[in-house]
Structures are given as structure tokens and as C-alpha cells.
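Visitor: Dropping a prediction and its sequence here:
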Amino acid sequence: MPFELTDSFLSELKATIIAQNGAFVAKQLKELYPPDIADIFNKLDIEEAKYAYRQLNEQTAADVLVELEDDVREQLLASFTSKEIAEQFDNMDSDDAADVIAELPDDRQDEVLSHMEDSDQASDIVDLLNYDENTAGGLMRKEFVRVHVNSKALECVREIREQAHDMEEIYDIYVVDDDEKPIGILPLKKLIVSPVRSIVADIYDPKVISVKTSVPAEEVANVMDKYNLVAIPVVNALGRLVGVITIDDVVNFRREEETEDVQKMAAMEALEEPYMNTSFFQMIKKRAGWLVLLFVGETLTASVMSFFEGQIEKAVILAMFIPLIISSGGNSGSQASTLIIRALALGEISIRNWWEIVKKEFSTGLAIGFILGTIGFLRIVIWSYFVNSYGPNAYLIALVVGLSLLGVVVWGTLMGSLLPLALKKLGLDPAVSSAPFVATLVDVTGLIIYFSFSILFLKGVLL
């Protein structure tokens with residue numbers, strides 16, 4: 001059963017910490033998983049968290065440190081000496097250690113690395129810090145098992161035992177040639193059932209998918225999704241095996257990226273901290289900018305309406321359908337924008353597919369616009385038989401509304417699909433072409449389409 005953090009458990013733990021009963025604190029936390037302990041620490045006062053943290057064994061403490069929220073970890077590390085931090089890294093995978101040390105000031109990083117007993121691990125961490133965090137190099141870990149293609153099965157077992165001390169889990173055994181280039185994978189099952197005198201060259205699987213250190217993390221995630229991989233080897237510019245990316249790192253990356261995209265699609269800057277840890281002023285900063293920009297954009301709607309003020313005064317009936325027109329265009333644009341942004345993120349489409357996307361969205365918009373336009377047309381015509389709101393020109397008004405709905409839906413669909421592609425082409429994040437942004441743009445142009453049809457069909461009648 002997953003651990004459920006209750007108020008009573010938290011209160012009891014706090015009382016135990018205040019009483020400085022370290023043995024009881026350790027006992028309460030001993031049976032919990034590191035993520036559960038991290039959740040508890042995130043809700044404690046920092047002094048309470050520091051005391052409880054020191055009651056954990058070395059391996060658990062290191063695992064908990066990785067799981068903590070950024071601000072809690074920062075405060076916790078600030079209370080440690082450089083040597084104490086270095087001791088934590090001795091029990092971490094290189095990628096986790098690199099992520100944690102990257103949050104420290106540069107001078108503190110050097111101090112911590114100088115105190116690390118394992119010089120090879122320190123070298124691995126420095127190597128990882130040189131990669132962009134959103135690339136394969138930034139995601140990979142340096143701990144993995146490799147064997148030479150000409151090794152014997154028994155030698156492989158010995159190699160695994162020797163290297164396994166530095167790893168929490170082993171996903172695959174990577175087979176390399178004389179140049180340290182990956183040429184295949186040796187599944188653990190196949191190694192176990194093979195005779196001990198077998199040669200790796202006779203039992204390994206030559207199919208291996210790898211990525212270069214410079215490949216964007218998003219592309220790595222897409223490759224692992226496509227081939228259902230739990231781990232993927234990483235090679236440098238020379239094609240030599242330098243690291244491995246595991247599924248947990250990809251899941252964390254995807255979660256962060258999706259959270260950021262969702263927030264951007266809501267017309268705001270992505271939060272750097274969890275919601276409850278984001279200060280009032282940070283919240284205003286992240287949300288006000290886009291809202292002001294959208295507000296200014298919406299003022300163009302008022303400008304368009306003032307331009308057609310004369311037509312509205314002559315035919316007040318036209319104003320009744322303005323919300324219907326602009327909402328239909330905005331909704332269709334938001335739909336298209338959301339679909340394209342997600343398809344780009346999953347690698348289902350690219351900028352090269354723009355013409356196919358235009359054709360697909362145009363035909364889709366045309367069909368949906370025809371459906372909505374027909375409903376709008378029939379609604380006015382049928383309603384005119386029961387009330388006299390539309391006067392003797394109900395059919396012309398219905399035609400204007402129907403054609404306008406068709407036009408704004410097609411236009412909104414095209415804008416919603418093309419804006420993300422245009423931003424992608426410019427090297428910007430497609431998520432910023434959020435639903436509110438597309439809706440604002442389509443609101444303005446939708447009014448122009450509506451009043452243009454009004455002038456075309458009603459000029460000699462109502463206008």
C-alpha cells in the first residue's frame with residue numbers, strides 16, 4: 001500500500017523531533033521509501049527537517065536528498081559543510097549527484113568535488129556538468145556495465161559483480177568493440193542460461209539503439225517511447241559509449257516538460273517552483289505579463305467594433321451574434337493549437353509536414369464550420385417563425401451568420417495549427433501559442449470576417 005501522510009503522523013513526528021528523540025525518529029522513518037520521507041521533510045520546518053535528516057542511514061539520506069523540493073534541498077545543503085555534501089554524493093548515481101551539485105554556487109562546487117574520496121566519480125560529475133541539462137548528455141548517468149565482444153560469459157559475470165557495486169540497478173549489459181563503441185546488448189537472461197565458456201560474440205544481440213550526447217532530451221524520450229526501452233546507451237561524437245539514460249530520468253523530464261507546457265498554454269510563464277512554494281510576487285510576475293498582453297490584444301476587438309460602429313447602429317441585431325462568432329473561432333483555434341503542440345512534443349509531426357497539416361486542418365475546419373454554420377443558419381430561420389426579432393430579413397441574417405461561422409472556424413483552425421509551427425521554426429517554444437493567445441487573435445479577425453459578410457449581404461437592406 002502506498003504511504004499516506006496524515007496530520008496525526010506529522011504531528012507525532014514533530015513532537016518526537018522537538019523532544020530530540022533521534023532513535024524514535026529513525027524508527028518511524030526506517031520503513032518508508034525515500035520519496036515518502038522527502039514528502040514528510042517538505043512539510044517540516046527546515047530545522048526539524050535537518051534534525052530528522054541526520055537520523056537517516058547514508059544511502060537513504062542520499063536518496064531522500066535527490067527527492068526533496070528544490071528550496072528545501074537548498075536550505076538543507078546550506079547547513080552542511082562541503083565535506084558532508086561530498087559524503088552524500090558517494091551514495092548517489094552520477095546523474096543525480098550532478099543535478100544536485102549544479103544547484104550550488106561555483107565556488108562551493110569546487111570545494112565539494114575536492115572532498116570526494118572517489119576521484120573517478122568526481123570526474124564523472126564534472127563531465128556531466130559540461131552538458132546542457134536538456135540533452136542526452138545532461139540526462140545520462142556514467143554507471144553502466146560494459147563487456148568486450150570477445151569476452152567469455154564467465155568473465156562477464158565477474159565484470160558485472162565488480163561494476164554492480166556502483167549501481168542501484170542493472171538494465172542491460174552493453175557489448176563494445178576495441179574502440180569502445182557499442183555494437184550490441186547482452187540480456188541478463190541470456191547470459192545466465194548460456195554455458196560459462198561461451199563467447200559474448202556468439203550470444204549477444206547485435207541490435208542496439210543509441211543516441212549522441214548532443215541529442216535533445218525530448219528526442220531521447222520519443223525514441224525510448226517508440227522502441228519501449230527502459231534504458232538507452234549514449235555515445236560521444238566519436239561513437240564511443242559514455243553513459244546510459246534510464247526510464248526514470250525520462251519520466252521525470254517528461255513530467256517537468258508537460259507541466260511547463262500546460263502552464264504556458266494557460267497564457268503564463270512556467271513556474272520555477274511548486275505552486276505552494278511560489279511567492280506572491282513571483283505568482284504576479286509569472287501571470288500578469290501575458291494577461292496584460294492579451295488584454296491589449298483584446299482592445300483591438302473594441303477598435304474593430306468601433307470601425308463598424310455605423311453598421312452596428314443601423315442593424316443592432318448584428319451585435320447579438322458577436323459572442324457566438326468570436327467564441328466559435330476562438331474555440332476552433334484553441335483545439336487546433338492544442339493538437340499541434342502535443343503532436344510536436346510527441347514527435348508525431350515536424351515543420352516539414354506543414355503543408356499536409358494545412359490541408360488536413362483546412363478540410364477539418366471546413367467540415368466543422370459547415371456543421372456550426374448550418375446549425376446557426378437553421379436556428380435563426382426556425383426562431384424567426386416564433387418571434388419577430390429578426391424582421392423580414394431573417395433569411396439574409398441567417399445566411400450572414402452561417403457564412404461567418406464557416407469563415408471564422410476555418411480561419412481559427414488554420415491559425416491555431418500554423419502558429420505553433422511558425423514559433424517552432426523561429427526556435428521558440430510552440431507552447432506559447434497558447435489557447436488564449438490564439439483565441440485573442442481569432443477574436444479580432446473573426447469580427448472583420450463577420451462584418452464583411454454583413455456589409456456584403458445586408459448593405460442594401462439593413463445597413
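Guide: Structure received.
Visitor: Residue 317 versus the residue of the chain positioned farthest from its centre, what's the distance?
Guide: Seen from the C-alpha centroid of the chain, the residue lying at the greatest distance (Cα atoms, centre = their mean) is residue 392, 55.3 Å away. Distance of residue 392 to residue 317, given as Cβ to Cβ, to the nearest Å: 12 Å. Placement of C-beta: from N, CA and C, glycine included.
Visitor: domain ranges for the chain?
Guide: Domain assignment for the chain, taken from automatic domain parsing, gives 7-138, 145-255, 275-458.
Visitor: closest one to residue 261 among the ones you listed?
Guide: Of all the domains of the chain, the one in closest proximity to residue 261, counting by Cβ to Cβ, is domain 275-458 (4.3 Å).
Visitor: Residue 430: neighbour count?
Guide: Around residue 430 there are 24 other residues, counting by other Cβ atoms under 10 Å.
Visitor: Could you tell me the end-to-end distance of stretch 125-136?
Guide: 15 Å (Cα to Cα, to the nearest Å).
Visitor: Can you give me the pLDDT of residue 68?
Guide: In this model, residue 68 is scored at 88, pLDDT.
Visitor: In contact with it, which residues?
Guide: 38, 41, 42, 76 (Cβ atoms under 8 Å, 6 or more residues apart in numbering).
Visitor: and it, how far is that from residue 253?
Guide: On the measure of Cβ to Cβ, residue 68 and residue 253 end up 18 Å apart.
Visitor: With residue 408 instead?
Guide: Going from residue 408 to residue 253 by Cβ to Cβ gives 38 Å.
Visitor: Neighbour count: those two, which is higher?
Guide: Set side by side, residue 408 and residue 253 show more neighbours around residue 408, with 33 against 19, by other Cβ under 10 Å.
Visitor: My read is that the more buried one contacts residue 328, right?
Guide: Yes: using Cβ atoms under 8 Å, residue 408 is in contact with residue 328, at 5.9 Å.
Visitor: Report the set of residues contacting both of these two.
Guide: residue 446.
Visitor: Low-confidence bits of the stretch 151-300 of the chain, can you list those?
Guide: 164-166, 168, 262-280, 283, 286-300 (pLDDT under 70).
Visitor: what sits up against stretch 9-23?
Guide: By Cβ under 8 Å, 6+ apart, stretch 9-23 touches 24, 25, 28, 40, 43, 44, 48, 51, 52, 54, 55.
Visitor: what residues are up against the second one?
Guide: Neighbouring residues of residue 25 by Cβ under 8 Å, 6+ apart: 13, 16, 17, 51, 52, 55.
Visitor: same deal with the first one?
Guide: Contact criterion Cβ under 8 Å, 6+ apart gives residue 16 as the residues in contact with residue 24.
Visitor: try 10 Å this time
Guide: Residues near residue 24 by Cβ atoms under 10 Å, 6 or more residues apart in numbering: 12, 13, 15, 16, 17, 55.
Visitor: Which single one of those residues is nearest to residue 361?
Guide: Closest to residue 361, out of all of the contacts of residue 24 and judged by Cβ to Cβ, is residue 13, at 55.2 Å.
Visitor: Can you tell me the element that closest one falls in?
Guide: Using DSSP states H and E, residue 13 sits within helix 7-18.
Visitor: Select only the buried ones of the contacts of residue 24 in PyMOL?
Guide: Per 16 or more other Cβ atoms under 10 Å, the buried members of the contacts of residue 24 correspond to this PyMOL selection:
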select buried, resi 13+16+17+55
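Visitor: Next up, identify which helix or strand the nearest residue to residue 55 once chain neighbours are set aside is on.
Guide: Distances taken as Cβ to Cβ, 6 or more residues apart in numbering place residue 26 nearest to residue 55, at 4.2 Å, with adjacent residues excluded. Following DSSP H and E, one finds residue 26 within helix 22-30.
Visitor: What are the buried residues along that helix?
Guide: Neighbour-count burial for helix 22-30 flags 24, 25, 26, 28, 29 (criterion: 16+ other Cβ under 10 Å).
Visitor: try stretch 149-167
Guide: Within stretch 149-167, the residues that count as buried by 16+ other Cβ under 10 Å are 149, 151, 152, 153, 156, 159, 160, 163, 166.
Visitor: of those, closest to residue 132?
Guide: residue 166 (24.8 Å).
Visitor: Show me the strands in this protein, by range?
Guide: Secondary structure of the chain, counting by DSSP state E: strands at 145-148, 173-176, 182-186, 211-212, 231-235, 241-246.
Visitor: Format those strands as JSON lines; extra columns: distance to residue 365 and mean neighbour count.
Guide: Below are the strands of the chain laid out as JSON lines (distance: least, Cβ to Cβ, whole Å; neighbours: other Cβ atoms under 10 Å):
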{"stretch": "strand 145-148", "distance to residue 365": "53", "mean neighbour count": "19"}
{"stretch": "strand 173-176", "distance to residue 365": "49", "mean neighbour count": "22"}
{"stretch": "strand 182-186", "distance to residue 365": "47", "mean neighbour count": "19"}
{"stretch": "strand 211-212", "distance to residue 365": "37", "mean neighbour count": "18"}
{"stretch": "strand 231-235", "distance to residue 365": "39", "mean neighbour count": "23"}
{"stretch": "strand 241-246", "distance to residue 365": "40", "mean neighbour count": "24"}
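Visitor: Tell me which of those sits nearest to residue 109.
Guide: strand 241-246 (20.0 Å).
Visitor: about what we covered before: in helices, which of the contacts of stretch 9-23 fall?
Guide: Secondary structure defined by DSSP state H assigns 24, 25, 28, 40, 43, 48, 51, 52 of those to helices.
Visitor: Please report how far the first one lies from residue 381.
Guide: Taken as Cβ to Cβ, the spacing of residue 24 relative to residue 381 amounts to 78 Å.
Visitor: and what of the last one?
Guide: Shown here: residue 52 relative to residue 381, a distance of 72 Å by Cβ to Cβ.
Visitor: ok, these two, which is more surrounded?
Guide: Legend: neighbour count by other Cβ under 10 Å for residue 52 and residue 381, higher for residue 52 (23 against 16).
Visitor: That one against residue 27, yeah?
Guide: No: using Cβ atoms under 10 Å, residue 52 makes no contact with residue 27, being 11.8 Å away.
Visitor: Count the neighbours of the residue nearest to residue 347 when sequence neighbours are not counted for me.
Guide: Once flanking residues are discounted, residue 347 sits nearest to residue 222: 3.9 Å by Cβ to Cβ, 6+ apart. Other residues near residue 222 number 17, with proximity taken as other Cβ under 10 Å.
Visitor: which residues touch residue 222?
Guide: Counting by Cβ under 10 Å, 6+ apart, residue 222 touches 216, 250, 254, 345, 346, 347, 348.
Visitor: Please report how far it lies from residue 143.
Guide: For residue 222, the distance to residue 143 - Cβ to Cβ - is 24 Å.
Visitor: check contacts around residue 364.
Guide: Neighbours of residue 364 in contact, by Cβ under 10 Å, 6+ apart: 332, 335, 336, 339, 409, 410, 413, 414, 417.
Visitor: For it, report the pLDDT, please.
Guide: 93.
Visitor: how far away is it from residue 125?
Guide: 50 Å.
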